[in-house]
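Student: Sequence and predicted structure are below.
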Amino acid sequence: MSPFKRFWLKLVQWEYWPFYIFYIPVEAYYLWLALKNGRFAFLTSANPSMEFGGFTGVSKTSIYELIPSEYLPKMKLIAPGDWEAARKAVEWIGYPVVAKPDMGERGKLVEKISNELELEKYVINCPVDFILQEVIRQPLELGIFYLRHPEEECGHITSIVQKDFMSVTGDGAHTVQELLQKDERALLQIDFEHPRFEEVMKEVPEKGEKKVVESVGNHCRGTVFLDRCDLIDEELTEAIDQLSKRIEGFYYGRFDLRCASAEALKRLEDFKIIELNGAGAEPAHIYQPGYSLIKAYRVVFWHFKQLARISQANHRRGVPQWGFRRAVAKLFEVRRYNKMLSKG
């Protein structure tokens, strides 16, 4: 793909825009909400049980501790360079495992580990505390956005996204890499030279065989986000509301989970929560290919308005909000942390 075509595709399809570009109008709206609410870090009271309201720089382990254990995969927190602890964790969990930084965001340093050599490389290269987590086998991965106003009895599902992982369908003649060369999304988002693709790129899938190339469900790593708000109904809302109320101090955010089916999820059966994101969560269905940019901004602005309402309601109930200096110090801490991840 020529540099000009790459630039043009990213320009006209906003889902490929860098995060910081898309969020420029959102940041302006946030500052307006901050002025209106009288405090820069008003969102820190959105989820009282999460540091910084779950906005950014939050330990995943601390959030997992809030969730009933029966809904979680096996996992273990590992200190940087602790090979022995990592080896013992995998003996308990079993290969493959997902390795990810305890405070990582947007798929940074998230890898699927299939053997001891890959694990050793990850332990050597990861500069921060990381989690080894069981790979969940349920076929359907969903991101379900939930919010509940503290003064209301029941909450609401406001967004559902289904993740369709980067894959190819074989023809029995071409390699995975050759098939991906025909896919604009792959050419825009896949790093063909990354070591994790070294073996899979050489494979020649059978005719009709679907081969998943990237098993990490992040948009920036090629996963297609599909709008599945059609799944929202009274039964599912009641189930997620019931689940959310078991998580102390949680009012606003997104469940990333894998389940056998939407029907099973309505019964709170056969599913596992991969992550729970707080005030920094996005209603990710907006990244559906072809979704209107104007409509996407309306959705995001509406969610930030609800975030402010929830935060202020909690504040009235006695939940403190961080001061400006503390919030800015945290943002600089997160910036330094992300720089470390980039070097890993």
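Tutor: Thanks, I have it.
Student: Next up, the contacts around residue 214.
Tutor: The neighbours of residue 214, taking CB atoms under 8 Å, 6 or more residues apart in numbering as the test, are 165, 166, 190, 221, 222, 223. To be clear about C-beta, it is placed using only N, CA and C from the backbone, and glycine gets the same treatment.
Student: can you pull out the helices in the stretch 201-344 of the chain?
Tutor: Assigned helices in the stretch 201-344 of the chain, in chain order: 234-244, 262-266, 293-316, 324-343 (criterion: DSSP state H, counting those that start in this stretch).
Student: Which positions in the longest one come out as buried?
Tutor: Read it as helix 293-316. 296-297, 299-300, 303-304, 306-315 (16 or more other CB atoms under 10 Å).
Student: Of those, which is the nearest to residue 278?
Tutor: When these are compared for distance to residue 278 (CB to CB), residue 307 comes out closest, at 9.9 Å.
Student: The helices of the stretch 201-344 of the chain: which one's closest to residue 195?
Tutor: helix 324-343 (16.1 Å).
Student: Distance check, residue 111 against residue 105.
Tutor: Spatial separation of residue 111 from residue 105 under the definition CB to CB, to the nearest Å is 15 Å.
Student: okay, these two: which has more neighbours?
Tutor: residue 111 (23 against 18; other CB atoms under 10 Å).
Student: Hmm, the more buried one is touching residue 196, no?
Tutor: Yes: under the criterion of CB atoms under 8 Å, residue 111 lies in contact with residue 196, with a separation of 6.4 Å.
Student: So which of the buried residues of helix 293-316 is the closest to residue 27?
Tutor: Proximity of the buried residues of helix 293-316 to residue 27 (CB to CB) peaks at residue 304, which lies at 10.1 Å.
Student: Tell me which residues touch that closest one, please.
Tutor: For residue 304, the contacting residues are 26, 29, 30, 33, by CB under 8 Å, 6+ apart.
Student: In contact with the closest residue in space to the last one that isn't next to it in sequence: list those residues for me.
Tutor: It stands for residue 33. Once flanking residues are discounted, residue 33 sits nearest to residue 308: 4.8 Å by CB to CB, 6 or more residues apart in numbering. Neighbour list for residue 308: 33, 36, 37, 42, 43 [criterion: CB under 8 Å, 6+ apart].
Student: Go again with 10 Å.
Tutor: When contacts are counted by CB atoms under 10 Å, 6 or more residues apart in numbering, residue 308 is found next to 30, 32, 33, 34, 36, 37, 42, 43, 46.
Student: lowest-pLDDT helix or strand in this structure?
Tutor: The helix or strand of the chain with the lowest confidence, counting by mean pLDDT, DSSP states H and E, is helix 3-12 at a mean of 76.
Student: What is the helix or strand that comes right after it packed up against?
Tutor: Past helix 3-12, heading to the C-terminal end, the next element that is a helix or strand (DSSP states H and E) is helix 19-22. In this structure, helix 19-22 packs against helix 293-316, with contacts taken as 3 or more CB pairs under 10 Å, 6 or more residues apart in numbering; DSSP states H and E.
Student: Let's test this: mean pLDDT of the helix it packs on, rounded?
Tutor: Summarised as a single mean, pLDDT over helix 293-316 is 97.
Student: Show me how far that helix is from its chain's centre.
Tutor: Using CA atoms, centre = their mean, to the nearest Å, the mean C-alpha position of helix 293-316 is found 19 Å from that of the whole chain.
Student: repeat for stretch 141-154
Tutor: Relative to the mean C-alpha coordinate of its chain, stretch 141-154 is positioned 17 Å out (CA atoms, centre = their mean).
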